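Student: here you go, sequence then predicted model.
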Amino acid sequence: MNATSGLRPPPVFGGHDDHNGEQHRLLGLAFDPLTKGRLAQTGIGPGWRCLEVGAGDGGVAAWLARRVAPTGGVLATDIRPVRRPAVAGLEFLRHDIVRDPLPEAEFDLVHARLVLRLLPDRLAVLDRLVRALKPGGVLQVDEFDATDAPALRVPDPAAHRLYRTFMDTKARIMNGEDVDTAWGRKAAAAMRRSGLTGISSLRRSELWSADSPGLQLLSHHTRHLREIFVRAGMTDRQLAEVRELLAHPGFRARSYAIYSVQGRRPRERR
Ligand SMILES: C[S@@+](CC[C@H](N)C(=O)[O-])C[C@H]1O[C@@H](n2cnc3c(N)ncnc32)[C@H](O)[C@@H]1O
């Protein structure tokens, strides 16, 4: 497999600049328990060969590598260079899942979290991931439906409007980048159409409060994506007020829903 030349710039919300380490840390805090719990349900164990796509800081890939040791291995790919935990059996590759070569019928398990939603060619990429599975192998896709995450408790009506402005602006920025913010709820049907069987889908949403990594991630956006929000019409003052609101002990919001969807590549008939 060849490494990408990295010609395509990564999407804004997919690991944009030097601050992406904090983004990956918060994603891990928020979603690793769900992701790892679901991966464990596949029966993953020694000897398995795994592919982690858009691996970010490699936290999930390192966890997989420990599960499949000493006889298995994990290939962790990302379009950007990532922090590389030194774990036996874990290999990193700079790789664009849209266009770089991908071996076929190679992996017992393929996992991608919050990657396909970023890619306009997500259905074609999904087909590639399915072909990368060995017959009988499992694909797990963990993705947001970010379309219904209202504030539920706010200090005053102005704060309610501010939060809506911020979330609407974020959605507008993402839509402008061809991100599918509702992809999570479409993933199961797309995986079925791509030929996977035994589809299992778990949806989870929670109540966000100031100590939730999900809200802290939104707060992080106000700083590391400041220029993009300002270009989209928000002022620095509004962004500061958003940060204040997100840190308010009384603030509550419905989180994005995350879907964790699994499907199996059918075994070939003799
Ligand atoms: C939102 S982050 C999620 C990271 C990690 N999967 C997680 O959940 O913590 C999306 C990741 O996908 C990577 N990415 C974006 N486009 C990609 C592409 N075309 N090929 C491979 N990786 C890509 C980004 O660099 C980033 O690390």
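Tutor: Arrived safely, thanks for sending.
Student: so who does residue 205 touch?
Tutor: 254-258 (C-beta atoms under 8 Å, 6 or more residues apart in numbering). The way it works is simple: take the backbone N, C-alpha and C, and place the C-beta from them, glycine included.
Student: switch the cut-off to 6 Å
Tutor: 255, 257 (C-beta atoms under 6 Å, 6 or more residues apart in numbering).
Student: ditto for the one 5 residues further on
Tutor: Residues in contact with residue 210 (C-beta under 6 Å, 6+ apart) are 247, 249.
Student: give me phi/psi at it?
Tutor: phi -50, psi -30 (degrees, to the nearest 10).
Student: could you report the pLDDT at the closest residue to residue 54 other than its chain neighbours?
Tutor: Residue nearest to residue 54 in three dimensions, not counting chain neighbours: residue 115, with 3.3 Å by C-beta to C-beta, 6 or more residues apart in numbering. We note a pLDDT of 98 for residue 115 in this prediction.
Student: also residue 19?
Tutor: 71.
Student: residues in contact with it?
Tutor: For residue 19, the contact set (C-beta under 6 Å, 6+ apart) comprises residue 224.
Student: now do 8 Å
Tutor: 220, 223-224.
Student: and these, which are buried?
Tutor: 220, 224 (16 or more other C-beta atoms under 10 Å).
Student: out of the contacts of residue 19, who's nearest residue 230?
Tutor: residue 223 (11.8 Å; C-beta to C-beta).
Student: can you pull the contacts of the residue in the stretch 101-250 of the chain that the ligand sits nearest to?
Tutor: The stretch 101-250 of the chain approaches the ligand most closely through residue 113 (3.6 Å), counting by C-beta to the nearest ligand atom. Residues in contact with residue 113 (C-beta under 8 Å, 6+ apart) are 27, 31, 35, 54, 56, 60, 141-143.
Student: what do you get if the cut-off is 6 Å, keeping everything else the same?
Tutor: Counted by C-beta under 6 Å, 6+ apart, residue 113 has contacts 35, 142.
Student: next one: it from residue 239, what distance?
Tutor: Residue 113 sits 27 Å away from residue 239, going by C-beta to C-beta, to the nearest Å.
Student: burial of residue 136, as a residue count?
Tutor: 11 (other C-beta atoms under 10 Å).
Student: and it, backbone torsions?
Tutor: With angles defined as degrees, to the nearest 10, residue 136 sits at phi 90, psi -10.
Student: helix, strand, or coil at the closest residue to it other than its chain neighbours?
Tutor: Closest residue to residue 136 apart from its sequence neighbours, by C-beta to C-beta, 6+ apart: residue 267 at 4.7 Å. For residue 267, the assignment made with DSSP: H, G, I helix; E, B strand; the rest coil gives coil.
Student: understood, closing this out.
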